[in-house]
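Chemist: Okay, here's the prediction I keep looking at, along with the sequence it came from:
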Amino acid sequence: MDELLARSAEELFARLAAPERLRGLAPSEAPPGLLEAVEEAGFLQALVPEAAGGIGLDPSGALPILLAAGRFAVPLPLGDTMLARAALAMAGVSPPPGLVVLAEPWGSEAARLPPLAGAPDAWALLPRGDATLLLPLAEAEAVEADTAPGSAVFRWHRSGGQRLPVLDLLAAGAWAEVAVMAGALQPILEDTVRHAQERQQFGRPVAAFQAVQQQLSVLTEDVFAARMAAQLASVPDGAGVAGLSRMRVAAAKLRVGEAAQRAAGIAHAVQGAMGITGEVPLHRLTGRLQAARLRFGGEGYWASWLGRQVLADPASDTLAFARAHLGPAELETTS
């Protein structure tokens, strides 16, 4: 199932979100027909139970879709919408058509969202006090504010909206960003290695220089560690949206964020000026990485939160804690 889903998602994005189709568009601007094709493929219903009209996957089953979306830097909040629809189904609420993004509270009245959420037919799920509100973007006002790249701030003048139970949207959104980052890191590695092998300097490929080889080794390690972290974060053994575990998501957001920071630096250093040209998608991929790092808690936030959980468990040392809360669903055994 995972292989089939991954192949289906990659084929769709390769056709409708290829670098040449995104060239010239803003990072938050989707090419024509992409959202309709994603909806028709059923990807946005991946985490919705079958009884509610969805595909009924758990996060580990839906992960290949978001990995593929990250690989092609798809400019749509697919992970947000998948999780929002799952949360609405859990609450017995029929989701509105189109995109539903997960909002981060910004002060007491406003919320931070991805820029594409400014589309008038989009919706937002916003934590507010003892409830979660489902709010239409058509009734929101954009607010000028100093905020993180890749996001925008909105305010709703009316305090209405459909009320839902409290949901852990912070961990849910962090998982979606982890999956996208892990997917984006793979083509960064492939493009950087290819460039190092093709680029000649002093009569030989730059990949032949020991300093470059060492950087490529670090990049490779980070890419595979990020994918593993995303897979472990997707194990559905928690109480969050779609069964996500906040502990697993925290560790993954921390590790993948660190990997993304190093990977962007190495890739741009190796590719040089080529990495910021329109012909090469590296700048779009690393821009998406930096925006994802800042959404739903950065490395510092999750490191602090995870450290408090470890210190609050006096019966476990660090290794025992990691084995108990962060390992695979079922440890492999050998006979």
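Modeler: That came through, no problem.

Chemist: C-alpha from now on. contacts and neighbour counts both.
Modeler: OK.

Chemist: I figured Val74 was touching Phe13, is that so?
Modeler: Yes. Using C-alpha atoms under 8 Å, Val74 is in contact with Phe13, at 7.5 Å.

Chemist: Look at the two and report which has more neighbours.
Modeler: The residue with more neighbours, out of Val74 and Phe13, is Val74; 28 against 22, by other C-alpha atoms under 10 Å.

Chemist: contacting residues for that one?
Modeler: Neighbouring residues of Val74 by C-alpha atoms under 8 Å, 6 or more residues apart in numbering: 13, 17, 30.

Chemist: neighbours of the last one, just the number please.
Modeler: Yep, that's Ala30 we're talking about. 18.

Chemist: Just list the residues touching the residue lying closest to it once chain neighbours are set aside, thanks.
Modeler: Excluding its sequence neighbours, the residue lying closest to Ala30 (C-alpha to C-alpha, 6 or more residues apart in numbering) is Pro75, at 5.5 Å. Going by C-alpha under 8 Å, 6+ apart, Pro75 touches 27-30.

Chemist: Then Asp191?
Modeler: Asp191 is in contact with Leu282, counting by C-alpha under 8 Å, 6+ apart.

Chemist: re earlier: tell me the secondary structure at the residue nearest to Ala30.
Modeler: coil (DSSP: H, G, I helix; E, B strand; the rest coil).

Chemist: which intervals of the chain have sub-threshold pLDDT?
Modeler: 1, 116-120, 146-150, 158-159, 330-335 (pLDDT under 70).

Chemist: separation between the residue nearest to the spatial centre of it and Leu35?
Modeler: In the chain, the C-alpha nearest the mean C-alpha coordinate belongs to Glu177, at 1.9 Å (C-alpha atoms, centre = their mean). Distance, Glu177 to Leu35, using C-alpha to C-alpha, to the nearest Å: 19 Å.

Chemist: got it, and Val143?
Modeler: Distance from Val143 to Leu35, by C-alpha to C-alpha: 26 Å.

Chemist: quick one: which of these two has more around it?
Modeler: Leu35 (18 against 13).

Chemist: Just the element for Arg155, please.
Modeler: strand 152-156 (DSSP states H and E).

Chemist: and that strand, what other elements does it pack with?
Modeler: If you count contacts as 3 or more C-alpha pairs under 8 Å, 6 or more residues apart in numbering; DSSP states H and E, strand 152-156 packs onto strand 110-113, strand 140-143.

Chemist: and the first one, which strands flank it?
Modeler: Just to be clear, that refers to strand 110-113. Strand 110-113 pairs in its sheet with strand 104-106 (antiparallel), strand 152-156 (antiparallel), by DSSP bridges.

Chemist: for the ones you listed, which one sits closest to Arg308?
Modeler: strand 104-106 (22.3 Å; C-alpha to C-alpha).

Chemist: how far does the strand holding Arg155 sit from the chain's center?
Modeler: Between the centre of strand 152-156 and the centre of its chain there are 21 Å (C-alpha atoms, centre = their mean, to the nearest Å).

Chemist: List of residues touching it?
Modeler: With contact meaning C-alpha under 8 Å, 6+ apart, strand 152-156 is reached by 106, 109-115, 139-145, 147.

Chemist: Thank you kindly, that will do.
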